[in-house]
Every structure is written in structure tokens, then in C-alpha cells.
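**Q** compute the structure for the input listed below.
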Amino acid sequence: MRAMGTQAILVAGDRGASRAVRGTSKAFVEIAGRPMVVHVLETLLHTPEVSEVYLVGNPARLSSAVAEYGCLALAAARGCPIHIVPQRDTLYANVWYTFLRTLVPGRTDANHAVLVVPADIPLVIPEEISVFLARSEASGGDYVVGLSPETALAPFAPRDDAPGVEMAYFNLREGRFRQNNLHWVRPLRMGNRHYIDEMYENRYQKELGSQIRLAWRVIRREWRNLWVLGCYFMIHVAGVLHRRGYRDAADRVRAYVPLSAIENAASALLRTRFRTVTTELGGAAVDVDNDADLEVVEKMLERWKALQVRLARAA
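**A** Now for the predicted structure:
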């Protein structure tokens, strides 16, 4: 086992709010001859800062995939053990009970942090995770979410000569960003951990009904923090304007929403020190959530991944 590393929780469950792709669990849909979960697992095993991986999902299917595609041999060679954990019914339960397994028996360390990664980001590379971990540990936060700027995601956008993935952005004063699916968290320092599951269930920015449901839950339970909804409202107004082509109007609205306000709002809602860090690579932000995106990623995987590697080396 690697000394002084970070334990990673790779979530590959297919229950709760998880969405199927091509009628099956996203984690096991094959791209370039390997399931998506194997792509992400291999990236974690090659990340120097990751000391061990807790793989959460269907134990039988995960055990079969890990054995069939050589992950056990790679884990042994890299000194990074893999632990398979049976899934529970929600994302929150999967992460929380797996986190408890990472603790030293008989000891409760509130500063203990883990990296949480989903299984549907096959374009992520070790360099992006390494940068994210270094910046997260230096951020002063207890829950850190990665962001990718619009410029980092430009290579994945549709072009006349190549297909691409249409993505939604958070429109902020500092620019347009997309959450990159990397999470660094000290769960024992979060007062409202349960909100993470509700945010996940209503995570799709383009679905108005999901956003209204999430806002209503905040109003009912957190009336002392109603100011948080102001930031929430402004972000989504700017997002709607941007998606409809009114970029100038979106720019005027997002000027009133600095990133610091979002961090303060999330800190108040979650009762923790919430921070964001930006990474210049965008692979982790390209998650495969539907059949159309999967078809594009299948065609472009090797080209896009090679591009990410070149950019990382140039940096």
C-alpha cells in the first residue's frame, strides 16, 4: 500500500437516482472494449496520490470486471489495493458507509478525507486527479468540488468536422464552469451530509422540475438560510439565458454571482467549509448520462484522451 496517500471511493452503483444507459448500468457499458468503470478504476490506480480504491456497486459484476480486465494485477503492481463494497440504495448511503470502512478501527478522525469519483467519466486521466487532490488539500475546505472552465471543455464541444457533447455550465462572475465530478471530502465535518443525496437526485441543470423540487426542500428546512436561494436563482437565470443564446444578458446576470458567494451559500447549507478548485483539464467533467453522449464518447474517446495527455504534459 502506498504511504501517505488518499483513499478513493469509486461509486458504480445502479440504484436510487442513478440513470441507465442503453438499458443497463452505466458502469458496465463498454467503451473501447472495456466497461466505463474499468477506465476510471485504471486511472485511479495510476494516480500516485491514491493509496487504495473502494469500489462500490454490484459485487458479482464488479468482481468479474476487475478480474477479467486485469485490474487486480495492475493494483498489485502499483501497490494500490482494491476493496469491493456492496452497494446500498442511495448515493449518500454508498459513500457514507464506504467511508466508515476507510477509518482505522477504534479511531474517529474528523480530519480524515476521501476522494469520491463516479464510474461514468471515462475521459479522466491521472494528472487531472493529482492536480485536484493537491489543490483540494491546500484549499482550507472540508468539502471540495472540482470545477472545469468553459475553455477546458471547448475541445469536447460539437464542431462541423467532429461530434461533441453539449454541456450545461454554472454562469459565475469569474466565468462559466462545469462541475467536474471530483469530490474531496471530510464527511465527519459536514453537518448536513444528507443534502448531498438530494442535490444528486436533482442534479440536472436543464430540468426545471428538478431545480424547483430542490429549492422547495431548502425553503422548508433551511428558512434561516433563505438568502442561499438568491444565489441559486441567479445562477439558473443566467444559465437559461446562456442556453437560449442571450449571452450578453447572461453576462450581466452572472456579474452579480461571484464564486465566493456560491462557496458561502453551500457552506451555510451544508454546515461545513465548502470550497471549489479549478482544474485546467476537462476530462472529468464529461460524464456519460445518456445514449447520445455515449455514442459520441465511443467515437471520440481515444482522440480526446490523447489530447488530455498532451495538454497535461505541456502544462
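**Q** stretch 84-100: end-to-end distance?
**A** Chord length of stretch 84-100, first to last residue, is 14 Å (Cα to Cα, to the nearest Å).
**Q** swap in stretch 26-38?
**A** Using Cα to Cα, first and last residues of stretch 26-38 are 12 Å apart.
**Q** what are the boundaries of the helices in the stretch 101-250 of the chain?
**A** Using DSSP state H, counting those that start in this stretch, the helices found in the stretch 101-250 of the chain span residues 126-137, 150-153, 195-201, 208-221, 227-243, 247-254.
**Q** lowest mean pLDDT across these, which one is that?
**A** Within the helices of the stretch 101-250 of the chain, the stretch with the lowest mean pLDDT is helix 208-221, showing a mean of 55.
**Q** for stretch 93-106, which outside residues touch it?
**A** 7, 9, 11, 13, 54, 56, 83, 85, 87-88, 109, 112, 114, 116, 187, 193, 196-197 (Cβ atoms under 8 Å, 6 or more residues apart in numbering). Using the backbone N, CA and C atoms, a C-beta is placed for each residue, glycine as well.
**Q** next one: stretch 258-273
**A** Stretch 258-273 has contacts (Cβ under 8 Å, 6+ apart) with 140-143, 170, 172-174, 186, 189-193, 195-196, 218, 222, 225, 227-228, 231-232, 235, 274-276.
**Q** can you tell me which of the residues you listed are in strands?
**A** 143, 170, 172, 274-276 (DSSP state E).
**Q** now for these, which pair is the farthest apart?
**A** Tyr143 and Leu172 (18.2 Å; Cβ to Cβ).
**Q** centroid-nearest residue for the chain?
**A** Central residue of the chain (Cα atoms, centre = their mean): Asn181, 1.3 Å from the mean position.
**Q** Asp289 versus that one, what's the distance?
**A** 11 Å (Cβ to Cβ, to the nearest Å).
**Q** could you do Thr47 as well?
**A** 24 Å.
**Q** between these two, which has more neighbouring residues?
**A** Comparing Thr47 with Asp289 by other Cβ atoms under 10 Å, the one with more neighbours is Thr47, at 27 against 15.
**Q** where does this structure have low pLDDT?
**A** 1-4, 16-19, 197-228 (pLDDT under 70).
**Q** what's the single longest helix in it?
**A** Longest helix in the chain, counting residues (DSSP state H): helix 291-314.
**Q** counting by contacts, list what that helix packs against.
**A** strand 30-31, helix 126-137 (3 or more Cβ pairs under 8 Å, 6 or more residues apart in numbering; DSSP states H and E).
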